[in-house]
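Visitor: sequence first, then the predicted structure, then my questions.
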Amino acid sequence: MKIGILTSPNQWFIPYAKQLSKQIKDSKLLFCHAEIEDGFDVLFILSYHKIIPENILQKNRHNIVIHASDLPKGKGWAPMFWQILEGKNEIPFTMFEASTGVDDGDVYMKKTLQLDGFELNEELRKKQANFTIEMCLEFLNNYEKYKTPKPQIGKESFYPKRTAKDSRLDIDKTIREQFNLLRIVNNTEYPAFFEIDGHRYILKIEKADSENR
């Protein structure tokens, strides 16, 4: 089978896309859909942030996206982080066929990622990426089982895009009440912050080494 892996340049998933490419013999790693010429039997579209035109999708037998929600619930942006804010530690992942709509393609498989409830941003991203890789490999290794997708069933819902302002802490709430928000902030790109009397303060979080606990 001819396998392609498409991801956006200059973002967090690239090391994992390279890892997946190494695990799939003769696969091709791409950073723009315009690079697709003859098409692929399977194109994994992972953490890719551009709309792919229909004529490009039609070149491939399967255009596979993995979304961290129980589609059609939780379409949209940062679904795993939104669910963590909701207090969930069982995060469903849906593998589906890409289309020109918003996360509305037919479903190949669903799997659930179990979190322990104490991971911070970097570890959450690592678990998300490794789980995504596992699903891709399972699809290829059990192709006959998964090759025919089924329509999404149920009522859809959408998560909005998160921005830096969503990392704001409420000074009148406890750390425990806001711990899930602290888990998903990024100390560099969108750190936690709070404001008091017109002054803004940045709050960074990291796990202590076991030796220092």
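Guide: Yep, it's here.
Visitor: how about the longest helix along the chain: buried residues?
Guide: Counting by DSSP state H, the longest helix found in the chain is helix 121-141. Applying a neighbour-count criterion of 16 or more other CB atoms under 10 Å, the buried positions in helix 121-141 are 121, 124-125, 127-129, 131-133, 135-136, 138-140. (Glycine included, C-beta is placed from N, CA and C.)
Visitor: what's the closest of the residues you listed to Leu182?
Guide: Of all the buried residues of helix 121-141, the one with the least separation from Leu182 (CB to CB) is Asn121, at 9.2 Å.
Visitor: so that closest one makes contact with Val185?
Guide: Yes: between Asn121 and Val185 there is a contact at 6.3 Å, judged by CB atoms under 8 Å.
Visitor: show me what the helix or strand hosting Ile5 is packed up against.
Guide: Assigned by DSSP states H and E, Ile5 falls within strand 3-6. Judged by 3 or more CB pairs under 8 Å, 6 or more residues apart in numbering; DSSP states H and E, strand 3-6 is in contact with helix 14-23, strand 28-30, strand 42-45.
Visitor: name the strands paired with that strand and say parallel or antiparallel.
Guide: Using DSSP bridges, the strands paired with strand 3-6 are strand 28-30 (parallel), strand 42-45 (parallel).
Visitor: let me know which of the helices and strands packed on strand 3-6 is tucked in deepest.
Guide: Each of the helices and strands packed on strand 3-6 was given a mean neighbour count from mean count of other CB atoms under 10 Å, and the largest, a mean of 25, is that of strand 42-45.
Visitor: who's in contact with it?
Guide: Residues external to strand 42-45 that are found in contact with it (CB atoms under 8 Å, 6 or more residues apart in numbering): 1-7, 20, 36, 52, 60-66, 98, 136, 139-140.
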